[in-house]
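**Student:** Generate coordinates for the sequence data below:
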Amino acid sequence: MFYVYVLKSLRDQKLYNGYSDDLKRRFNDHNKGKVEATKHRKPFILIYYEAYLNQQDATTREKFFKTQWGRNYLKKVLKNYFQNQK
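**Tutor:** Numbers count the residues shown, from 1 in each chain. Presented below is the predicted three-dimensional model:
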């Protein structure tokens with residue numbers, strides 16, 4: 001399986017979108033500071049993920065999440081999560 005995920009930094013409250021074929025390992029790597037892009041923003045919580053059978057489908061979805069349309073989609077899907085964080 002291939003996973004597209006959204007992490008929330010507990011340090012700066014910002015979101016990070018990523019992709020991996022091993023979600024558990026990748027999540028741990030983020031929290032251990034092993035990922036260059038996020039090492040200064042740890043710790044993280046996993047707030048959303050999707051699983052795909054095909055790697056290209058997962059990477060296409062990850063790229064979508066990094067667009068404004070993708071961010072808007074996540075805001076709608078996670079509406080209750082974000083409302084409860086206030």
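
**Student:** For the closest residue to residue 55 other than its chain neighbours, grab phi and psi.
**Tutor:** Spatially, and ignoring its direct neighbours in sequence, residue 55 is nearest to residue 2 (4.9 Å; CB to CB, 6 or more residues apart in numbering). C-beta here means a position set from N, CA and C on the backbone, and glycine is covered the same way. In terms of degrees, to the nearest 10, the main-chain angles of residue 2 are phi -120, psi 140.

**Student:** any idea how far residue 10 is from residue 2?
**Tutor:** Separation of residue 2 from residue 10 (CB to CB, to the nearest Å): 26 Å.

**Student:** What is the neighbour count of the residue nearest to residue 55?
**Tutor:** When neighbours are defined as other CB atoms under 10 Å, residue 2 has 20 of them.

**Student:** helix or strand for residue 38, which one?
**Tutor:** Assigned by DSSP states H and E, residue 38 falls within no helix or strand.

**Student:** number of nearby residues for it?
**Tutor:** Using other CB under 10 Å, residue 38 has 19 other residues around it.

**Student:** That one and residue 8 touch, don't they?
**Tutor:** No: Residue 38 lies out of contact with residue 8 (CB atoms under 8 Å); the separation is 11.2 Å.
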